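S.K.: Here you go, sequence then predicted model.
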Amino acid sequence: MQNEHTYYSVRMRAAKGDSHKNGGKHISGGEMIATFNELESSIAELVEKGLTHSRGKPDFMNIQFERIEESVEHVAPLAVHTNPVPSMSDGQATARSLLKDAGVHPNVINMSYQVLSQISELRGAVLIDVHTGQRLDDPTKNGVRVSRMDWPWNNFESWAKTYHLPQNNRMKEALVLATKVVHHPATTAELCWSDDPDYITGYVANKNLGYQRITQLKEIGDEKGCRIFYVDQTKLKNLDAYINYLTTQPVFIQWERDEVISDESRSNASTTAN
Ligand code: WAQ
Ligand code: MG
């Protein structure tokens, strides 16, 4: 019998022209964690995501689920801040300044943009050594895809309402990924913007800065996205252990309302908490 603590990793990838393996154009990907009873609706959600995508109509789709054997780790969501910017160049300047605050040397930032400019097709994240600026992931594989992370909708909804943030699935997915990635001690920072032509908001994330949204990091219509993880290898046994964490460690984002209530009661000491 399936018990409620048995979880499944559900993944989708869609491409156009041919499969990813045969050089097709990446259209969309998605990763979720579901219970057995949620499998059908999760698969339907991912099918819809892949079929109705602004990067185009796919003619290849792969959907798979597999039971998760590892125990699920629960991680609190990063704090969200929004940096409104009037243009892409202001947004890019803000991103560079945040990356610097996160501990990435400006030379390494330049080198990572150089690496990015030489990549034509990306379906995962590029890993950059934060000390040398060198690309660490296998350049033949189009990036490392993080999977096995999710945020149960009810908990996300309460969090979003409390902080007056939009209940937007795209932000939810990006915050889930950033929270999982930044939770690893070897991640110095993440830089991301979408490869969807109609979405120009991106972010820089880091343990101290949280999830820093930047309202414009590219021009509308541009199909080139970015996802870079700046990795501190001195905090790693080996790179495989890091990639293994990204691809196999199951993580649920979990926000605890208690933290907010206790914060409020601290700043409001005369009010009786109930
Ligand atoms: N693992 C690794 N890389 C990924 C993954 C993943 N699971 N998903 C996407 N990427 C990479 C891939 O190379 C994509 O081309 C690129 O990131 C962009 O992905 O308003 O929508 O899903 O706060 O298009 C950020 C701002 C939106 C959200 C990011 O990215 C907000 C976005 P997309
Ligand atoms: Mg995309």
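M.R.: Good, I have the coordinates. Numbers count the residues shown, from 1 in each chain. Ligands and ions are numbered 1, 2, ... in the order given.
S.K.: Could you use CA atoms for every contact and neighbour count after this?
M.R.: OK.
S.K.: excluding its backbone neighbours, what's nearest whichever residue of the stretch 151-274 of the chain sits closest to ligand 1?
M.R.: Nearest residue of the stretch 151-274 of the chain to ligand 1 (Cα to the nearest ligand atom) works out as residue 194 at 3.6 Å. Closest residue in space to residue 194, ignoring its immediate chain neighbours: residue 225 at 4.7 Å, by Cα to Cα, 6 or more residues apart in numbering.
S.K.: Next, give phi and psi for the one you found.
M.R.: phi -110, psi -180 (degrees, to the nearest 10).
S.K.: wait, what's in contact with it?
M.R.: Residues in contact with residue 225 (Cα atoms under 8 Å, 6 or more residues apart in numbering) are 122, 192-196.
S.K.: Distance-wise, check it relative to ligand 2.
M.R.: Between residue 225 and ligand 2 the distance is 7 Å, computed by Cα to the ion, to the nearest Å.
S.K.: Can you report phi and psi for the nearest residue to residue 239 once chain neighbours are set aside?
M.R.: Among residues not flanking residue 239 along the chain, residue 233 sits closest, at 7.4 Å (Cα to Cα, 6+ apart). Backbone torsions of residue 233, given as degrees, to the nearest 10, read phi -70, psi -20.
S.K.: Correct me if wrong: residue 233 contacts residue 129.
M.R.: Yes. Counting by Cα atoms under 8 Å, residue 129 is a contact partner of residue 233 at 6.9 Å.
S.K.: Show me where this protein has its strands.
M.R.: 7-16, 25-35, 60-67, 73-75, 80-83, 126-129, 149-150, 187-193, 202-206, 210-214, 226-231, 251-253 (DSSP state E).
S.K.: Make a markdown table from the ones you listed and add mean neighbour count and mean pLDDT to it.
M.R.: Formatted as a markdown table, the strands of the chain follow (neighbours: other Cα atoms under 10 Å; pLDDT from 0 to 100):
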| stretch | mean neighbour count | mean pLDDT |
| --- | --- | --- |
| strand 7-16 | 23 | 97 |
| strand 25-35 | 23 | 97 |
| strand 60-67 | 15 | 98 |
| strand 73-75 | 15 | 97 |
| strand 80-83 | 14 | 97 |
| strand 126-129 | 24 | 98 |
| strand 149-150 | 25 | 98 |
| strand 187-193 | 24 | 98 |
| strand 202-206 | 27 | 98 |
| strand 210-214 | 23 | 98 |
| strand 226-231 | 25 | 98 |
| strand 251-253 | 22 | 98 |
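S.K.: Residue 231 reaches residue 130, doesn't it?
M.R.: Yes. Here residue 231 reaches residue 130: they are 5.3 Å apart, a contact under Cα under 8 Å.
S.K.: Which residues are in contact with each of these two?
M.R.: Residues touching both residue 231 and residue 130 (Cα under 8 Å, 6+ apart): residue 188.
S.K.: can you give me the helices in this protein?
M.R.: Ranges of helices in the chain, per DSSP state H, are 39-51, 88-101, 106-117, 153-162, 169-183, 239-248, 257-267.
S.K.: and residue 83, what does it touch?
M.R.: Contacts of residue 83 (Cα under 8 Å, 6+ apart): 212-215.
S.K.: what's the answer for residue 84, then?
M.R.: 214-216.
S.K.: can you do 6 Å?
M.R.: Residues in contact with residue 84 (Cα atoms under 6 Å, 6 or more residues apart in numbering) are residue 215.
S.K.: Phi and psi next, for it.
M.R.: phi -70, psi 130.
S.K.: Quick check: it vs ligand 1, distance?
M.R.: Using Cα to the nearest ligand atom, to the nearest Å, residue 84 is found at 12 Å from ligand 1.
S.K.: who wins for proximity to residue 161 among the strands of the chain?
M.R.: strand 80-83 (13.2 Å; Cα to Cα).
S.K.: who does that closest one pair up with?
M.R.: Applying DSSP bridges to the sheet, strand 80-83 is found paired with strand 210-214 (parallel).
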